[in-house]
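S.K.: What would the 3D arrangement of this be:
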Amino acid sequence: MTNKTTQLLRLAAAALLIVAGMGSCEQEEKLNPDFNNPSDNFAPSPDDSSDEAQLRRHFHELTGCYLLFTDTLQHRLLGNDINGQPRYFTETIDLAYTVGQSSSTTMRYTFSFLQQYAQKQQVTDFLVQYVLPHLTKDLKPYSWMVCNIINSYKDTYSGSVSHPYAACNQRCVVVAGNYLVQRERTEQQMQQYAQRILNAIVGQLAVNQSAAFGSFYQYSAEWYETDYSAAGIVGKPSNDDLYQRGFLSSTGISSFPSMTTDLGTYALLVIQYSDEQLLKTYASYPLILQKAKAVREVLITLGYVF
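M.R.: Numbering: from 1, shown residues only. This next block holds a predicted model:
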């Protein structure tokens, strides 16, 4: 075989490879990737026509938020392990996780769930009537989970347990409905219960959107986490010592509160008390009134309705 013939064969082989590669690319472009829309895990199955599924769909249409009655988003069979035992993939509403954090919070949660449809509808109606009117579209959570009781643990699932009215992270607000379903509540009790749920939401908002509260931080910036001794305070500070520097309380043993603690305290204050009530209570402390006004203005900007 001559050198010229060999070169022609090599060129022909290269051309075939190119054509084969083009055909492969065309086939790949025609492939439809199989993926799941994450929102599918928050919505009821399309073929579910139960009363509960209809309630969840109606809630989403009305509010733009998904409604859950369990913390399990998906639980599907992956196959069997080497011993022949089934393996599952399970995704839950993990309140301990916050998007963007390198580690999760030290709080841990478990839940008990409402079993009766009438109870689920009762708590859902309560959210629509008493809680959601305070939240604009920008502030509404991605989803709500209505349960019976929230069990909150510090660090591990052992030791002391508390039962908050609500708990939340960036994608879900969980509401404990046992207070409502135990017995009939008065209008005042319903309002107070809504207030406790809103406290949890606004408290989490203050953490998630802390950068928006620069106008608030400036008032007490020089004192955050500073030792009491630097302010000439010996021992435990009095209320007047705290109020004069713009703090409502102090959880520190020897220092003023952190920025996060201070903001959380004020966020709860302004949704619990009107401007008139604040003026009556803290008339002698203009710094507190200024900080309360700053927080209220930022919350309104973020989408809270007073």
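
S.K.: From here on, just use CA atoms for contacts and neighbour counts.
M.R.: Will do.

S.K.: what number of residues lie near L269?
M.R.: When neighbours are counted by other CA atoms under 10 Å, L269 registers 17.

S.K.: I'd like to check which residues are in contact with it.
M.R.: By CA atoms under 8 Å, 6 or more residues apart in numbering, the contact list for L269 reads A292.

S.K.: Can you give me the domain assignment for the chain?
M.R.: The chain resolves into domains spanning 38-195, 210-302 when parsed by automatic domain parsing.

S.K.: Tell me the span between the first and last residue of the last one.
M.R.: Distance between the boundary residues of domain 210-302 (CA to CA, to the nearest Å) amounts to 11 Å.

S.K.: want to throw the domains of the chain into a markdown table with distance to G203 and mean pLDDT?
M.R.: Listed next are these as a markdown table, based on distance: least, CA to CA, whole Å; pLDDT from 0 to 100:
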| stretch | distance to G203 | mean pLDDT |
| --- | --- | --- |
| domain 38-195 | 9 | 90 |
| domain 210-302 | 5 | 94 |
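
S.K.: Output those in JSON lines, with distance to Q204 appended to each entry.
M.R.: What follows is those, written out as JSON lines (distance: least, CA to CA, whole Å):
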{"stretch": "domain 38-195", "distance to Q204": "7"}
{"stretch": "domain 210-302", "distance to Q204": "8"}
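
S.K.: Strands of the protein, residue ranges please.
M.R.: Counting by DSSP state E, the chain has strands at residues 66-68, 72-80, 86-92, 107-112, 143-147, 149-154, 161-162, 166-168, 173-176.

S.K.: hmm, back to that, please identify which of the domains of the chain is closest to V202.
M.R.: domain 210-302 (6.5 Å; CA to CA).

S.K.: neighbouring contacts of stretch 142-156?
M.R.: Residues outside stretch 142-156 that contact it (CA under 8 Å, 6+ apart): 42, 64-71, 106-114, 120, 123-124, 159-166, 170-178.

S.K.: Buried subset of these as a ChimeraX selection?
M.R.: Burial among the contacts of stretch 142-156 is assessed by 16 or more other CA atoms under 10 Å; the matching ChimeraX selection reads:
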select :42,65,66,67,68,69,70,71,108,109,111,113,114,120,123,124,164,165,166,170,171,172,173,174,175,176,177,178
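
S.K.: Other residues contacting stretch 272-283?
M.R.: Against stretch 272-283 from outside (CA under 8 Å, 6+ apart): 195, 288-289.

S.K.: For S229, state which of these is nearest.
M.R.: Nearest to S229 among those, with distances taken as CA to CA, is I288, at 21.7 Å.

S.K.: need the contact list for the nearest residue to that closest one once chain neighbours are set aside.
M.R.: In this structure, I288 finds its nearest non-sequential neighbour in G246, 5.0 Å apart by CA to CA, 6 or more residues apart in numbering. By CA under 8 Å, 6+ apart, G246 lies in contact with 219-220, 285, 287-288, 291.

S.K.: and S254, which of the strands of the chain is closest to it?
M.R.: Using CA to CA, the strands of the chain put strand 149-154 closest to S254, at 23.4 Å.

S.K.: on that earlier part again, now, the contacts of stretch 272-283 that are in helices?
M.R.: The helices, defined by DSSP state H, take in 195, 288-289 from these.

S.K.: Would you reformat these as TSV and include distance to T90 and neighbour count?
M.R.: Formatted as TSV, these follow (distance: CA to CA, whole Å; neighbours: other CA atoms under 10 Å):
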residue	distance to T90	neighbour count
Q195	33	18
I288	47	24
L289	48	17
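
S.K.: Would you reformat those residues as a markdown table and include distance to L302?
M.R.: Output for the ones in helices among the contacts of stretch 272-283, formatted as a markdown table (distance: CA to CA, whole Å):
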| residue | distance to L302 |
| --- | --- |
| Q195 | 18 |
| I288 | 21 |
| L289 | 20 |
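
S.K.: one step back: relative to L127, how far out is the residue nearest to I288?
M.R.: Look at G246 and L127: by CA to CA, they are 34 Å apart.
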